[in-house]
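> Kindly return the folded structure for what I paste below:
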Amino acid sequence: MDTLFENRTDAGRQLAQALGAYAGRSDLIVLALPRGGVPVAYEVARALKAPLDLLIVRKLGTPGNPELAMGAIASGGASVLNRDVVSIYRISDEVIENAAAKERQELERRERLYRGDRPYPDIENRCIIVVDDGIATGATMRAGLAALRQRNPACVVVAVPLAPTDTVERLRAEVDEVVCLTTPEPFFAVGQGYRDFSQTTDDEVREILTRAWEETSD
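This next block holds a predicted model:
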């Protein structure tokens, strides 16, 4: 397929156009899944004039194929298993628990690194747009949504530049709306839609968040 997005900034600007109906809502918060979702979400939040914050989620990679998610964990203790993957690969409970313990350490490190002492936003009765740079299996996003639901938002929108059709359809059953710019077939990986899909660094995440928080506090 042809490249659809120059980079994550370009994808965020295109995604913001598709989310125009939410612009100016006083109850709106944009949450990014770090790291790759942060530059995308920044453009969305800026265009919609909404505060930007984080929803930190960690994928549990399948043994021998770490890019394939067997599940995910999120802040607040939420977890999701991809039961099809667990069954096909015959993954034991012990392997899952060990992977979760390792990723929980990284989740806690990122919370300290990105947020510092900054309090989490008040999610209750707010409209939340959750943004990532793309979705493959959906396990990471679903773990984040499970964490969000524990905080009683008024509505939840998932917004991504690209994802496979079946994943989008599964997510539609879990949220109020899914905004996905394209569902390429066949779908190989999120990076297939980007000309530049270089990794977003921790420093870039902190820089973007600092900029966003300064802009919304002015």
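> And the residue nearest the centre of the protein?
Using CA atoms, centre = their mean, the residue of the chain that lies closest to the mean C-alpha position is residue 33, 3.2 Å off.
> immediately after the top strand by length along the chain, which helix or strand?
Looking across the chain with DSSP state E, the single longest strand is strand 65-74. Heading C-terminal from strand 65-74, the first helix or strand you meet, by DSSP states H and E, is strand 79-81.
> now for that next one, which elements pack on it?
Judged by 3 or more CB pairs under 8 Å, 6 or more residues apart in numbering; DSSP states H and E, strand 79-81 is in contact with strand 65-74, helix 139-149. Backbone N, C-alpha and C define where each C-beta goes, glycine included.
> Residue 118 - how many residues pack around it?
Residues within reach of residue 118, counting by other CB atoms under 10 Å, total 11.
> Could you tell me the per-residue confidence at it?
At residue 118, the pLDDT value in this model is 85.
> Same question for residue 76.
Looking at residue 76, its pLDDT stands at 71.
> list the contacts for the nearest residue to residue 132 once chain neighbours are set aside?
In space, and not counting its chain neighbours, residue 132 is closest to residue 37: 3.9 Å by CB to CB, 6 or more residues apart in numbering. Counting by CB atoms under 8 Å, 6 or more residues apart in numbering, residue 37 touches 131, 132, 133.
> So residue 200: helix, strand or coil?
coil (DSSP: H, G, I helix; E, B strand; the rest coil).
> List the contacts of it.
By CB under 8 Å, 6+ apart, the neighbours of residue 200 are 8, 34, 35, 36, 38, 39.
> hang on, the earlier thing: could you double-check that the residue nearest to the centre of the chain lies in contact with residue 57?
Yes - in this structure, residue 33 is within contact of residue 57 by CB atoms under 8 Å, at 5.6 Å.
> List the neighbours of the lengthiest helix in the chain that are in contact with it.
Ordering each helix of the chain by length in residues (DSSP state H) puts helix 93-115 first. Contacts with helix 93-115, where a contact means CB under 8 Å, 6+ apart, come from 34, 54, 56-61, 63, 70-71, 73-75, 79, 81, 86, 202, 205-206, 209.
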